Structures are given as structure tokens and as C-alpha cells.
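> Sequence first, predicted coordinates after that:
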Amino acid sequence: MRSVVFDDQGEMWDGASRRLPDILQGCLAGSEALAYAVRNLGYVVVGEGNGSVRVRLRPAVVSPIAFSALCYYLAESRPDRILISCLERNWTHRLFGSLQDAIRYMLDILPVIDGDRSHDFKSRSRSIDRIESTNPLVALFKLWLESRGPIDHDRLDRLVREGLHGRYVIVQTGRSRADVFLREVGRGFLSYDDQWLSRSKGLRVEDQPDYFYGKWVAEAYRMTTGHGAPRLEDVDAIINKPGSGRSRVRYTRLIVPLQMPSGSDCLLGASLIDPAIDLRPRVEAG
């Protein structure tokens, strides 16, 4: 069974490489080095084989970035079976046939990780009346106001590709409103690489390179579904991108409920970058 390692920077590398023994200055190698990394360094080790994976982690020390990278990897690889091995006082093992169930289980045993990221994601509601009429988000809002039944596809396509420069997503709900899936993702988001974009259709909104950011974003779409009205807000978020560290993104986002030409109901989210947005408390010098 091949092993891969997710380190505390979110980078993935082959468990058989010399990288980990070199980090440990040659004190340990092979399976002992992998066990040490899980126990003490907050790394996640995954064994792959025959459509199944075994995930080894220690909840008390696991790195949030390593965990986000793990979720990204699982969403992309979509294994048939996932064995979660957690080290607390002793090793415990749980087998799952569903990716969603496996991730929910890990989130249940990793409450600190989720809580530690809450300050990374901030938003503030805005009124459409306070945005300049030339802003493409205003055009999208008007398109929603004027739509009665299926949306005008040509008008929508022109708006999202030209006015919004591809910064849009189309989201569809599942059997329950708690499940929101990516139907289409525009190419204007700098946070996503071509590899992820090529595989994004059908993923849950949560299944992004930074799982916790995706989870936070998904909640905004769920709330829009529940209210049935547009949602306009400024966003100030710090995102972990596996292998690239942390980056701050600031944008104004509008989410509107729409009916597609096919007759299916969906949500369209569009955003414009705005570096002037600052939702973080200032620290006064004293």
C-alpha cells in the first residue's frame, strides 16, 4: 500500500521519500518516521490501495492546514472506502463508505480545528442601494428582479463572463437544503487552480482546497436558499491553500436564487475583488 503524507504546510509528498527522515535528521525512517510525524508533528498519513484509503491522524495535534489538504485530496480522489484511524490514548478505527460521513466524523473529533478558524472568515451585509449603478453586481440584481421564470441564458452568460470576468459559481441544492453542490465554477477565481476547476462540477461547496473556508461559504448559500431572497455582503477571508500558505481575499459577493433555462432552481453567486474592504479590528498603538 502506497503512503502519502500531508505536512503542516498542506504539502503532499510520497511517504517513501527521504523528506521526512531528513526533517528528523535521520533519527527515524520508514514506518517509524511516519508514526512519529502523526503523533508529534501534526501530519496526516494516508495509505492508498484498491480504491480504499486509510487515514491516520492524531486529533490533539493535527495541523489545520494538513487537515484541509486531506479533505481536498479525498474530494478529488473519491475513494470507495475510507478507514479513519485516530490516535488518542489508543488507536481507534472507523470504516466509512461515504466521503461525507467520513469528513463529518473527523470534524466531530476535531472541534478545536474548526473553532480556531472562525476568526479567519468575516462578512458584513450591504444594501444594493449603496452600490454604484455601473457595478456588475447591480446588473445581476436587476436581472433577478426582472426574471419571471427561467433566466435569459444569453443575458446571464454575457454578464458573468464580461461584466464579472468569470468570478461566478452556480450552486444547486441536493435532496435536502443542507446539501449544496457546485454545478458550474467560472474561471475568474485566482484561488483555484485548473486542476481543481476541471474536477469541481458535482463537488459539495465545502470540498474546496481550504475545507473550512468552503464550509463557511456553503452556509451563506444555505441561508439564501432558506430565505429565497438575494444576499449581498462584503467578505474578508484568510484562506489556507495547500502548499501555498495563507492568503487574504476581500470581495463583495451577491448570491441570487435563479431558475435556469432547463427549469431547475439554483443559486448564482458572483463577486468582485475589493482591497478596500477591511473587516478586521484595528489594534491601537499604546
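Received, thanks.

> contacts for the strand or helix carrying Val45?
Val45 is part of strand 44-49 when elements are defined by DSSP states H and E. If you take CB atoms under 8 Å, 6 or more residues apart in numbering as the criterion, strand 44-49 is touched by 1-6, 15, 34, 37-38, 53-57, 62-63, 66-67, 69-70, 73, 77, 79. C-betas here are computed from N, CA, C, even on glycine.

> pLDDT of it, averaged?
Mean per-residue pLDDT for strand 44-49: 94.

> Break down this protein into its helices, ranges please.
Taking DSSP state H as the criterion, the chain carries its helices at 19-23, 30-36, 64-77, 99-109, 111-116, 136-146, 153-158, 194-199, 211-227.

> what's next to stretch 252-259, contact-wise?
The contact list for stretch 252-259, computed with CB under 8 Å, 6+ apart, reads 126, 128, 131, 137, 140-141, 143-144, 147, 149-151, 156, 220-221, 224-225, 228-235, 265-272, 274, 277.

> Identify, out of the helices of the chain, the most deeply packed stretch.
Ranked by average neighbour count under the criterion mean count of other CB atoms under 10 Å, the helices of the chain are headed by helix 64-77 at a mean of 22.

> and it, C-alpha only, in PDB?
What follows is helix 64-77, C-alpha atoms only, in PDB (Å, rounded to 0.1, in the frame of the first residue of the first chain):
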ATOM      1  CA  PRO A  64      -5.500  22.600  10.300                       C
ATOM      2  CA  ILE A  65      -3.700  23.100   7.000                       C
ATOM      3  CA  ALA A  66      -2.800  19.400   6.800                       C
ATOM      4  CA  PHE A  67      -6.500  18.600   7.500                       C
ATOM      5  CA  SER A  68      -7.700  21.000   4.800                       C
ATOM      6  CA  ALA A  69      -5.300  19.400   2.400                       C
ATOM      7  CA  LEU A  70      -6.600  15.900   3.400                       C
ATOM      8  CA  CYS A  71     -10.200  17.000   2.700                       C
ATOM      9  CA  TYR A  72      -9.200  18.400  -0.700                       C
ATOM     10  CA  TYR A  73      -7.400  15.100  -1.500                       C
ATOM     11  CA  LEU A  74     -10.400  13.000  -0.500                       C
ATOM     12  CA  ALA A  75     -12.800  15.100  -2.500                       C
ATOM     13  CA  GLU A  76     -10.600  14.700  -5.600                       C
ATOM     14  CA  SER A  77      -9.800  11.000  -5.300                       C
END
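
> Go through the lengthiest strand in the chain and flag the buried ones.
As assigned by DSSP state E, the longest strand anywhere in the chain is strand 245-259. For strand 245-259, the neighbour count (16 or more other CB atoms under 10 Å) marks 249-258 as buried.

> Low-confidence ranges, the stretch 101-250 of the chain, go.
Judged by pLDDT under 70, the stretch 101-250 of the chain has its weakly predicted residues at 111-116, 176-177, 243.

> mind redoing it with 80?
Along the stretch 101-250 of the chain, segments meeting pLDDT under 80 span 110-118, 148-149, 174-178, 190-191, 193-195, 226, 241-245.

> Please name the bridge partners of the residue found closest to Ser125 once you drop the neighbours it is linked to in the chain.
Take Ser125 and drop its neighbours on the chain: the residue closest to it by CB to CB, 6 or more residues apart in numbering is Glu233, 5.1 Å away. According to DSSP bridges, the residues that bridge with Glu233 are Ser125, Arg253.

> for Val53, same thing?
On the basis of DSSP bridges, Val53 is bridged to Glu48, Ile82.

> Quick check: the gap between the residue nearest to Ser125 and Ile255.
Shown here: Glu233 relative to Ile255, a distance of 9 Å by CB to CB, to the nearest Å.

> Quickly list what's touching both of the two.
With CB under 8 Å, 6+ apart applied, the overlap between the contact sets of Glu233 and Ile255 consists of Ala220.

> So what's the gap between stretch 44-57 and the chain middle?
When distances are taken as CA atoms, centre = their mean, to the nearest Å, stretch 44-57 is centred 21 Å away from the chain's centroid.
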